[in-house]
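[1] just need the structure, nothing else, for what follows:
(chains A and B)
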Amino acid sequence: MSDAYDVQEVEARWQRRWEEEGTYQVDLDDPRPASYVLCMYPYPSGAAHQGHVRNYTFGDVLVRYRTMKGEAVLSPFGFDSFGLPAENAAIKGGSHPREYTEARIAELKASIRRLGAVYDWRREIRSHDPEYMRWNQVIFLELLKAGLAYRAEAPVNWCPGCQTVLANEQVLSDGTCERSGDVVERRNLKQWFFRITRYAEELVDALDGLDWPERVKTMQRNWIGRSEGAQFRMQVLEQPELHIDVFTTRPDTGFGMTYAVLAPEHPLVERLTTDDRRTAVNQILDQARHSSDIERLSSEGLLEKRGAFTGSHCINPFTGQPVPLYVADYVLGSYGTGAIMAVPAEDQRDYDFAKAYGLPVVRTVQPPDGFSDDAAFTGDGPHINSGFLDGLKTAEAKERAVQFLEEKEIGHRTINYRLRDWLISRQRYWGCPIPVIHCPIDGIVPVPASELPVLLPEDVDFLPTGESPLKNHEGFLNVSCPSCGGPATRETDTMDTFVDSSWYFLRFTDPFSQSAPVNLAAARRYMPVDQYIGGITHAILHLLYSRFFTRALADVGLGPAEVREPFSQLFCQGMIRLDGRAMSKSRGNIIPPGDYFDSLGADALRLFHLFAGPAVDDLDWNDQTNEIIEGCSRYLGRVWRLCTGEVVALADKGEAGGPLALRRAVHQAIARVSNAIERYAYNKAVADLMSLTNSIYDHVHAGTDEEIVDEAIKVLLELLAPMAPHLAAEAFERRYGEHVHTRAWPSADPTYLVVDEVTMVVQVNGKVRDRISVPPDISEEEATLRALSSEKVSALLGGSKPRRVISRAPNLVNIVA
RNA sequence: GCCCGGAUGGCGGAAUGGUAGACGCGGCGGCCUCAAAAGCCGCUGUCCGAGAGGGCGUGCGGGUUCGACUCCCGCUCCGGGCACCA
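    Residues are numbered from 1 along each chain as shown, chains lettered A, B, ... in the order given. Reported below is the predicted structural model:
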């Protein structure tokens, strides 16, 4: 075995073998313990880029590692194949979205295969496959039946660029579309929603138990936006039969309410506005209606022009005094009750507004000495001017205030969420049709199960009209009502593609099931996903929707009842940056891996991604990158030459420490590499493999016993197998005649982790002054004696007695002079 | 404004409160060669010193400790998230 390593031939051959031999195929009756490793399925945008390579390499290491650990690892792959780009390409170039998408899938799949990442391809899922669409539609109808899907008119986010509505989650905080960057407009439209808000509490509470990156959990918590407070009723002074409800998180500051504010959308605005105030109020309503969300939410602009007195008052239940009712755009109709009690002394927005309108400010919490006179104080402190709350701190005052409201039977404790229902309607072609029929007699009628899936018509024209081609397709549109048989029309909205990705991981457990979207037995075996891997970009959207779906499916009986969380462990790998910016197809700054596959091979590129830095960190692709990839390739060459026997003893090379030292190095490497993989510290795992390789070289050069060297090489290849799978497999098979990937992961023998000598550091006043070789079980006293007898130490001490000696045998002795 | 995260050689990065800089990239030197490439061996934080050796060093300022990259307090800069959500 001394021939050169033919990267292309070897890599292609092993890729074929893993597929043909079904090395990574698992089935329900597999006796090994099941586990599930999943990388987020990609939108098929064509040939892979380095982001894919990084992502799938990390996943592949785990699949191969856990397989060697004896688990039956479910490792499926699929494509999130519905979506706007295909349709836009169709409008531009004339190709059908299906052809376009399937061509991109073929490209991506080919480059993923060349990476040597292993999947059970029998299970491949593509969102646009009729089978998958059928189950998507079945799920939709079940959710509809359960009241978790509904249609409602609502002010929605309309993106003029995408010509469709967007979910709240798809609008960036600056009011632009996350896809096209266009400024999103508000429109009132009848749309389909999923009732994710029903799960708000559970979704936020369950975050605590998840082994997810803290920042992802924080982002979800922020997004769900739970706030505890109270809701209460206030009577209108001028029209006692009317009352307004407000929500507040600070019921304790009720005595400081000097006015109240209604959102422009509030249903009572009309009735509460007096004739003399109508012009001013209407101006605010008009302004709010015509403002985009960005303008509305911006703090720019004069407050004087953003609110108006209605002419009515309501009674502050705490003081019994009337306070003026305003309308202002800073209060949103869609949150809480659409009305607030305004406490300028303890809320900065209320404070600014009060100043602008000359409204009184009454402090009800005593600010600390030196606190500015010209600001709201939102901190804790003793209550003042607050009747029965005087002297109490915030927490207790809140309790008492709520008690007061409950006793008066005008209010109660409540929790509000920022989360809104998920808008899933899209006015586009390339998505899964919403399977309902609109009948003039029977209203909304579900498409009968026997007629599912509702497929997309193929013969459509893609014109840049901004309208869904489905709207004008007579054959698709016109149907007879399944209920009364009369003429009816099909729903032309398609589902948000995030619907597709919200349950594909459940389908993967048995994608062959003909009877249900999710095979409960299979889902029970594999779910939840043990290790989910993907980008932080999905921290909210995909991951929140998936958590919702998993619960919703469980509750309607389509998923295992006990599986409520889809992903028990989440890992978010860092992005790849080029010239300081995220590498992405849409930015046109991708580095395709193809050239590297052709020249240095997949193993070298994989090793680079693993070694370049911590997996969670962003990676800069720069001038140095190619040199490091070459370095990785060079390292693989070193391993290969070791295996082929090209490395021989050198006459002039001294001792390497003998066989025991090598064996120790081996077992230390096993322990370190295993630990590093478990912690996603792949860069360390590779570094440790390199160290081991260097040690083996030293021992071969020094002429260490061949049997021990052989044993070391064997372990080296086993440890290398998850990371550079092709080379490890080839070298192992040639040298040992076995398939390394079906072998058991080596375990470290503790007896070899113990050494018979360690280097003890001797410090004087915390500075390293000497290093002494000592036995590892040396006593503290003996260590101290040895340290004090060091010549370097006595020279420094100059005969004087040390004041103190700290002995941390066998690692260190610190002498305080 | 609030909440996270980060800052270590020329570069990417290692370090359960106990030898800072593992491993690699780059650089320098040597071996091999007619020569080169490849490969192999060695050196490589910085300053002073011929050397032995010593001083200084983990963004800045304090603190705790025998001992701090690591823990605490206060900053600076960079990255990310949230932000009229009552």
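
[2] now do the strands in the stretch 601-750 of chain A.
    Here the stretch 601-750 of chain A has its strands, by DSSP state E, counting those that start in this stretch, at A:619-621.

[3] what about it, any weak spots by pLDDT?
    Along the stretch 601-750 of chain A, segments meeting pLDDT under 70 span A:651-655.

[4] repeat the analysis, applying 90 as the threshold.
    Applying pLDDT under 90 to the stretch 601-750 of chain A flags the ranges A:617-624, A:645-660, A:703, A:750.

[5] which residue does it bring closest to RNA strand B?
    A:Gly631 (2.7 Å; C-beta to the nearest atom of the strand). No exception for glycine: its C-beta is placed from N, CA and C like everyone else's.

[6] nearest residue to whatever residue of the stretch 401-550 of chain A ends up closest to RNA strand B in space, please, no chain neighbours.
    The nearest approach of the stretch 401-550 of chain A to RNA strand B comes at A:Arg418, 3.9 Å away (C-beta to the nearest atom of the strand). Excluding the flanking residues, the one nearest A:Arg418 by C-beta to C-beta, 6 or more residues apart in numbering is A:Gly225, at 2.6 Å.

[7] what residues does the stretch 451-600 of chain A have near RNA strand B?
    Within the stretch 451-600 of chain A, the positions near RNA strand B by C-beta under 7 Å from any atom of the strand are A:Ile536, A:Ile540.

[8] helices along the stretch 451-600 of chain A, start to end?
    Remark: helices assigned in the stretch 451-600 of chain A by DSSP state H, counting those that start in this stretch are A:474-477, A:497-500, A:504-507, A:520-526, A:541-555, A:594-599.

[9] try the stretch 701-817 of chain A
    Under DSSP H, counting those that start in this stretch, the stretch 701-817 of chain A gives helices at A:706-720, A:725-736, A:750-753, A:780-788, A:791-797.

[10] out of the ones you listed, which one sits most buried?
    helix A:725-736 (a mean of 22; mean count of other C-beta atoms under 10 Å).

[11] and the contacts of that one?
    When contacts are defined by C-beta atoms under 8 Å, 6 or more residues apart in numbering, helix A:725-736 is touched by residues A:1, A:5, A:7, A:10-11, A:14-15, A:60, A:64, A:116, A:118, A:601-603, A:636, A:639-640, A:643-644, A:713-714, A:717-718, A:720-721, A:738-741.

[12] that older thread, could you dump the helices of the stretch 451-600 of chain A to a markdown table with mean neighbour count and mean pLDDT?
    What follows is those, written out as a markdown table (neighbours: other C-beta atoms under 10 Å; pLDDT from 0 to 100):
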| stretch | mean neighbour count | mean pLDDT |
| --- | --- | --- |
| helix A:474-477 | 13 | 93 |
| helix A:497-500 | 24 | 94 |
| helix A:504-507 | 26 | 98 |
| helix A:520-526 | 20 | 97 |
| helix A:541-555 | 23 | 94 |
| helix A:594-599 | 16 | 94 |
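
[13] out of those helices, flag the one nearest A:Ala200.
    helix A:541-555 (9.5 Å; C-beta to C-beta).

[14] who does the closest one touch, helix- and strand-wise?
    Judged by 3 or more C-beta pairs under 8 Å, 6 or more residues apart in numbering; DSSP states H and E, helix A:541-555 is in contact with helix A:200-205, helix A:214-224, helix A:497-500, helix A:504-507.

[15] list of residues touching the first one?
    The one in question is helix A:200-205. A:196, A:220-221, A:224, A:226, A:415, A:417, A:419, A:544, A:547-548, A:551, A:564.

[16] rerun at 10 Å
    Contact with helix A:200-205 is made by A:196-197, A:217, A:220-221, A:223-226, A:415-421, A:544, A:547-548, A:551, A:564-565, as judged by C-beta atoms under 10 Å, 6 or more residues apart in numbering.

[17] and that helix, which residues are buried?
    The neighbour-count check on helix A:200-205 (16 or more other C-beta atoms under 10 Å) flags A:Ala200, A:Leu203, A:Val204 as buried.

[18] for the last one, give its distance to RNA strand B.
    When distances are taken as C-beta to the nearest atom of the strand, to the nearest Å, A:Val204 and RNA strand B turn out to be 13 Å apart.

[19] which residue, other than its chain neighbours, is closest to that residue?
    Excluding the flanking residues, the one nearest A:Val204 by C-beta to C-beta, 6+ apart is A:Ile224, at 4.5 Å.

[20] picking that back up, between the helices of the stretch 451-600 of chain A, which one is closest to A:Val754.
    Among the helices of the stretch 451-600 of chain A, helix A:520-526 comes nearest to A:Val754, with 40.0 Å by C-beta to C-beta.

[21] the closest one: how far from the chain's middle?
    How far helix A:520-526 lies from its chain's middle: 24 Å, per C-alpha atoms, centre = their mean, to the nearest Å.

[22] can you tell me the closest non-neighbouring residue to A:Ile139?
    Among residues not flanking A:Ile139 along the chain, A:Pro517 sits closest, at 5.7 Å (C-beta to C-beta, 6+ apart).

[23] one step back: can I have the buried ones of the contacts of helix A:725-736 as a ChimeraX selection?
    Under the burial definition 16+ other C-beta under 10 Å, those of the contacts of helix A:725-736 that qualify are selected in ChimeraX by:
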select /A:5,7,10,11,14,15,60,64,116,118,601,602,603,636,639,640,643,644,713,714,717,718,720,721,739,740,741
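
[24] and stretch A:469-477, how far from the chain's centre?
    Stretch A:469-477 has its C-alpha centroid displaced from the chain centroid by 37 Å (C-alpha atoms, centre = their mean).

[25] coming back round to it: count the neighbours of the residue nearest to A:Val204 for me.
    For A:Ile224, the neighbour count with other C-beta atoms under 10 Å is 21.

[26] now do the same contact list for it.
    Contact partners of A:Ile224, counting by C-beta under 10 Å, 6+ apart, are A:196-197, A:199-201, A:203-205, A:207, A:417-419, A:540, A:544.

[27] before we move on, back to that, out of the contacts of helix A:200-205, which are buried?
    Buried among these (16+ other C-beta under 10 Å): A:196-197, A:217, A:220, A:223-224, A:226, A:416-417, A:419-421, A:544, A:547-548, A:551, A:564-565.

[28] show me what secondary structure element comes after the helix or strand bottoming out on mean pLDDT in chain A.
    The weakest-scoring helix or strand in chain A, judged by mean pLDDT, DSSP states H and E, is helix A:293-297 (a mean of 55). The helix or strand immediately downstream of helix A:293-297 is strand A:307-315, counting by DSSP states H and E.

[29] what average pLDDT does that following strand get?
    If you average the pLDDT over strand A:307-315, you get 94.

[30] also stretch A:332-344?
    What stretch A:332-344 shows for mean pLDDT is 89.

[31] quick one: terminal-to-terminal distance for that stretch?
    End-to-end distance for stretch A:332-344: 18 Å, by C-alpha to C-alpha, to the nearest Å.

[32] buried set for it?
    Buried residues in stretch A:332-344, counting neighbours by 16+ other C-beta under 10 Å, are found at A:Leu332, A:Gly333, A:Tyr335, A:Gly336, A:Thr337, A:Gly338, A:Ala339, A:Ile340, A:Met341, A:Ala342, A:Val343, A:Pro344.

[33] which two of those residues have the greatest separation?
    Across the buried residues of stretch A:332-344 (C-beta to C-beta), the longest gap, 21.9 Å, separates A:Gly333 and A:Pro344.

[34] so what's the closest residue to A:Leu143 other than its chain neighbours bridging to?
    Spatial nearest neighbour of A:Leu143, excluding adjacent residues (C-beta to C-beta, 6+ apart): A:Ala149 at 4.1 Å. Taking DSSP bridges, one obtains A:Phe194 as the residues bridged to A:Ala149.

[35] from memory A:Ala149 sits against A:Gln191, does it?
    No. Taking contacts as C-beta atoms under 10 Å, A:Ala149 lies outside contact range of A:Gln191: 11.2 Å.
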